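Undergrad: fold the following, please.
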Amino acid sequence: MENSERAEAIVAGQSRARAEGKPIGRPKAVFDRAEVIKLRQDGRSWGRIAATLGVSTGTVRRAYQTRTGAPEPCQNYPL
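TA: Residues are numbered from 1 along each chain as shown. As a prediction, this is how the structure comes out:
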């Protein structure tokens with residue numbers, strides 16, 4: 001099977017799955033995003049927050065940035 005044929009088959013399969021209402025892609029992380037802000041304001045580290053909520057540190061930081069509108073500056077390296 002050539003690449004173009006394979007690509008067409010993938011697109012057709014995804015279209016069929018969407019038409020049947022099946023989810024496509026990675027599942028969303030389910031956790032309380034407001035809790036991220038609360039825990040961070042209490043002085044918890046990103047790793048501790050992530051472990052508490054059962055998600056990765058990147059997910060926690062992204063949720064914090066989305067909710068507050070700005071990333072928290074890194075304190076390990078002075079600017």
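Undergrad: so which helix or strand takes in Ala29?
TA: Under the criterion DSSP states H and E, no helix or strand holds Ala29.
Undergrad: and for Lys38?
TA: helix 33-41.
Undergrad: swap in Ala63?
TA: helix 57-68.
Undergrad: what's that helix in contact with?
TA: Taking contacts as Cβ atoms under 8 Å, 6 or more residues apart in numbering, the residues outside helix 57-68 that touch it are 29, 31, 33-34, 36-37, 40, 46-47, 49-50, 53, 71-72. Glycine gets a C-beta too; all of them are placed from N, C-alpha and C.
Undergrad: I'd like to know which of the residues you listed are buried.
TA: Buried members of these, scored by 16 or more other Cβ atoms under 10 Å, are Phe31, Val36, Arg40, Trp46, Ile49, Ala50, Leu53.
Undergrad: which of these sits closest to Ala7?
TA: Taking Cβ to Cβ as the measure, Ala7 lies nearest Phe31 of these, at 35.2 Å.
Undergrad: next, the contact list for the closest one, please.
TA: Here Phe31 is in contact with Leu53, Gly54, Val55, Thr59, Ala63 (Cβ under 8 Å, 6+ apart).
Undergrad: where does it sit: helix, strand or coil?
TA: Here Phe31 is recorded as coil under DSSP: H, G, I helix; E, B strand; the rest coil.
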